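Undergrad: 3D model of this:
(one chain, ligands or ions: 1)
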Amino acid sequence: MEKLISLCKRRGFIFQGSEIYGGLAGTYDYGPLGSLLKNNIKDSWLKKFVHGREDTYLLDAAILMNGKVWQATGHVDHFSDPLVECKECKHRFRADQIQDTKKCPDCNGDLGDVRQFNMMLSTKVGAVDDTASTTYLRPETAQGIFVNFKNVLDSMSPKLPFGIAQIGKAFRNEITPRDFIFRLREMEQMEIEYFVDPDRWNEEFEYWKDEMMEWMEEIGLNMKNVYPTEIGEGDRAHYSSRTIDFEFDFPFGRKELYGLAYRSDYDLSKHTSSSGQKLEYTYPEGAKIVPHVIEPSFGLDRTILAVLLSAYREDVLKDSEEVRTYLALSPAVAPVICAVSPLLKNKPELVDKAREVHGLIKKEFGRVAWDDNGNIGKRYRRQDEIGTPWCVVVDFDSLEDDTVTIRSRDTGMQERMKVDEVIRFIKDNM
Ligand code: GAP
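TA: Residues are numbered from 1 along each chain as shown. Below is the predicted model of the structure:
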């Protein structure tokens, strides 16, 4: 974990939030490469769960919602974690995450009583403090979907079953943010609320379990570390009638990566009774129902952590003691798909040709880097460390026969091919 965190900072993936002011616990900033990785993961998710389907609609709802939303859904009353505070050092802990709820794990002092701590971050909306109304930064993207159920129904006329998908920020005032980007106060979620006929929820639940696993494999997660785990009634969120957590073996233990919940008609019914607006579906033959909901919920930051951990490799280079660190990222999510270099940067004829090749490949894939820093060995090491699957080098032979070398990150093997074969080669190996 320490090695990965260091790589993330050194290579521009992830930085501590507000770092120059000493940081802000539970916040991280994605750097130039981290932002690209994040966007590629979002694209892959959209490709599978939105563009790849005919029954799912994308939404981008506001983060700030009317405070009544959170009253209606039970978040104001129930979205809490058990908190204990040490009477001596004043450190706070989640009571369900420590062995002994009487003694402080940090100073062995006495812990106070366990009390429920609401995890929503409140804020005021309005210019004047005393007339402003209190609301919350959304703790889940899901509610933006439920309150727009009728709008999507009226504007898109979907047939049941159908889904509404959303990617966006969510906020939780976690008692103990920790483990790098695992437990954050500001995070991003990718969620689908899939509306189904109440009689079919079980089949749909099993279907979504498989879909989620399929996508995890597509983005390169080490599936040997993924454990679908049934969550018992007492441990489920207040809105869920069945939950499977996809747990992942992180270096700090086996923890929740994603959740799949059967939310029944909980949310639509709560919003109907609170808002007075009927949130129901009318079958073509006229019967009306409140659909039930299957919710596949993916934390984007946890995805990034699991992707990076699954990709992290170290090997010893042949004929040397040097350890090579590389990220075996899937080409679908790697920030840079290919780097292009001239063998020597002080030979204008090589640079011109390499620029031409770079332009060609960049036009096709976008995520193509120009790298003429240091010698070729150093460039390969640097690209390996950021997970670039292929490096193309233009040398003196290129000027004669329009060929280049293309080196594969995972094997270190180089092949020579015509410039106009490179794009096909990358596409075939993606
Ligand atoms: N709408 C359902 C929902 O929000 P959840 O299990 O509380 O369910 C869904 O959260 C996913 O969001 C989790 O499986 C996890 O991937 C991510 N997540 C939750 N809390 C998080 C936090 N504090 N930091 C980072 N990711 C978090």
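Undergrad: Going by C-alpha atoms from here, please, whenever you check contacts or count neighbours.
TA: Noted.
Undergrad: Extract the residue ranges of the stretch 101-250 of the chain that are flagged as low pLDDT.
TA: 128-132 (pLDDT under 70).
Undergrad: can I see the domain layout of this structure?
TA: The record's domain split for the chain, according to automatic domain parsing, is 2-73+139-309, 336-429.
Undergrad: Which one, of those, ends up nearest to the ligand?
TA: Closest of those to the ligand is domain 2-73+139-309, at 3.1 Å (criterion: Cα to the nearest ligand atom).
Undergrad: Check whether the closest one comes into contact with the ligand.
TA: Yes. Using Cα under 6 Å from any ligand atom, we find that domain 2-73+139-309 touches the ligand at 140, 142, 172, 182-185, 187, 189, 256-259, 297-299, 301-302.
Undergrad: Show me those residues that map onto helices.
TA: 142, 301, 302 (DSSP state H).
Undergrad: can you redo these as CSV with neighbour count?
TA: Below are those laid out as CSV (neighbours: other Cα atoms under 10 Å):
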residue, neighbour count
142, 24
301, 22
302, 22
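Undergrad: Please compute how far stretch 382-391 lies from its chain's middle.
TA: Relative to the chain's own centre, stretch 382-391 is displaced by 21 Å; criterion: Cα atoms, centre = their mean, to the nearest Å.
Undergrad: And the contacts of it?
TA: Outside of stretch 382-391, the residues within contact range by Cα atoms under 8 Å, 6 or more residues apart in numbering are 7, 11, 33, 325-331, 334-341, 380, 406-410.
Undergrad: and it, how far apart are its ends?
TA: 11 Å (Cα to Cα, to the nearest Å).
Undergrad: average pLDDT across it?
TA: Taken as a whole, stretch 382-391 has a mean pLDDT of 97.
Undergrad: Residue 123 should be in a helix, yeah?
TA: No. Counting by DSSP: H, G, I helix; E, B strand; the rest coil, residue 123 is not part of a helix but strand.
Undergrad: what's near enough to touch it?
TA: 134, 135, 136, 137 are the contacts of residue 123 under Cα under 8 Å, 6+ apart.
Undergrad: same thing but at 7 Å, please
TA: 134, 135, 136 (Cα atoms under 7 Å, 6 or more residues apart in numbering).
Undergrad: restrict the residues you listed to contacts with the ligand.
TA: With Cα under 6 Å from any ligand atom as the criterion, those include none near the ligand.
Undergrad: So among these, which ones count as buried?
TA: With burial judged by 16 or more other Cα atoms under 10 Å, the buried subset of these is 135, 136.
Undergrad: Which ones among the contacts of residue 123 lie within strands?
TA: Mapping the contacts of residue 123 onto strands (DSSP state E) picks out 134, 135, 136.
Undergrad: Quick check: the most centrally placed residue in the chain vs residue 191, distance?
TA: By Cα atoms, centre = their mean, the chain has its centre lying nearest to residue 300, at 1.4 Å. Separation of residue 300 from residue 191 (Cα to Cα): 10 Å.
Undergrad: Ok, residue 249 next?
TA: According to Cα to Cα, residue 249 and residue 191 sit 22 Å apart.
Undergrad: Residue 269 too?
TA: With distances taken as Cα to Cα, residue 269 is found 20 Å from residue 191.
Undergrad: Remind me which helix or strand residue 9 belongs to.
TA: Element membership for residue 9, per DSSP states H and E: helix 2-10.
Undergrad: Looking at the contacts of residue 123, spot the one nearest residue 22.
TA: residue 136 (25.8 Å; Cα to Cα).
Undergrad: Let me see the contact set for that closest one.
TA: 64, 67, 120, 121, 122, 123.
Undergrad: Tell me which residues touch the fourth one, please.
TA: Looking back up the chat, that one is residue 121. Per Cα under 7 Å, 6+ apart, neighbours of residue 121: 136, 137, 171, 172, 173.
Undergrad: what about residue 269 and residue 191, which has more around it?
TA: Neighbour totals were compared for residue 269 and residue 191, and residue 191 leads with 25 against 20 (other Cα atoms under 10 Å).
Undergrad: That one falls within a strand, correct?
TA: Yes. According to three-state DSSP, residue 191 belongs to a strand.
Undergrad: Nearest spatial neighbour of it, chain-adjacent residues omitted?
TA: residue 297 (4.6 Å; Cα to Cα, 6 or more residues apart in numbering).
Undergrad: what sits opposite the one you found in the beta ladder?
TA: Beta-bridge pairing of residue 297 under DSSP bridges involves residue 191, residue 259.
Undergrad: So it sits against residue 262, correct?
TA: No. In this structure residue 297 lies outside contact range of residue 262 using Cα atoms under 7 Å: 11.1 Å.
Undergrad: where's residue 193 relative to residue 102, distance?
TA: If you go by Cα to Cα, the gap between residue 193 and residue 102 works out to 40 Å.
Undergrad: and residue 281, how many neighbours?
TA: 21.
Undergrad: for residue 203, same thing?
TA: Counted with other Cα under 10 Å, residue 203 comes out at 10.
Undergrad: Would it be right to say that it lies in a helix?
TA: Yes. Judged by three-state DSSP, residue 203 forms part of a helix.
Undergrad: With adjacent residues omitted, what lies nearest to residue 240?
TA: Excluding the flanking residues, the one nearest residue 240 by Cα to Cα, 6+ apart is residue 263, at 4.7 Å.
Undergrad: helix/strand/coil for the one you found?
TA: strand.
Undergrad: pLDDT value on it, please?
TA: pLDDT, residue 263: 97.
Undergrad: which residues does it contact?
TA: Residue 263 is in contact with 239, 240, 241, 292, 293, 294, 295, counting by Cα under 7 Å, 6+ apart.
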